[in-house]
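coordinates only, sequence not included:
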């Protein structure tokens, strides 16, 4: 079955960096576009960034543009989110996402906390 496993979250000071990873299994990774979402306490889950199946096309939310970069390594079934110049408002649980056969799959999430 489809599985998505995120890692790389943690506690970081404002201005710091983190790189999140999402490893996919149970599907042909290179055939599907994928996304990163985040959800802060009390707020709805929001799209952070998305990437096409081959990685040639990406989009980033306005709030993270210029600071975050989505990428993928299809040889290793892994998607990344490089997060630089982190702000306290980036604090959230980050999830990776894939839609396959009209079914949406989510990972378990990884907590990112930006605080001094």
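That came in fine, so what should we check first? Not measured: the values here are computed from a predicted model.

surely residue 54 forms part of a helix?
No. Residue 54 sits outside any helix when classified using DSSP: H, G, I helix; E, B strand; the rest coil, being coil.

and it, how many neighbours?
Here the count is done by other C-beta atoms under 10 Å, and residue 54 has 11 residues near it. Every C-beta, even on glycine, is put in place using the N, C-alpha and C of the backbone.

give me the element the spatially most central residue of the chain is part of.
With distances taken as C-alpha atoms, centre = their mean, residue 36 lies nearest the centre of the chain, 3.1 Å away. Element membership for residue 36 (DSSP states H and E) is strand 34-39.

quickly run through the sheet partners of that strand, with directions.
Strand pairing for strand 34-39, determined by DSSP bridges: strand 46-51 (antiparallel), strand 92-100 (antiparallel).

want to throw those strands into a markdown table with mean neighbour count and mean pLDDT?
Shown next, in a markdown table, are those (neighbours: other C-beta atoms under 10 Å; pLDDT from 0 to 100):
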| stretch | mean neighbour count | mean pLDDT |
| --- | --- | --- |
| strand 46-51 | 19 | 98 |
| strand 92-100 | 20 | 96 |
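
of all those strands, which one is nearest residue 31?
When the strands paired with strand 34-39 are compared by C-beta to C-beta, strand 92-100 sits nearest residue 31, at 8.7 Å.

check what contacts that closest one and list those residues.
Applying C-beta atoms under 8 Å, 6 or more residues apart in numbering, the external contacts of strand 92-100 come out as 2, 4, 6, 9, 20, 22, 24, 27, 32-40, 43, 45, 48, 79, 81, 104-107, 109-112.

would you write a ChimeraX line that selects the buried entries of those residues?
Restricted to buried positions by 16 or more other C-beta atoms under 10 Å, the ChimeraX selection for the contacts of strand 92-100 reads:
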select :4,6,9,20,22,24,27,32,33,34,35,36,37,38,48,79,81,105,107,109,110,112
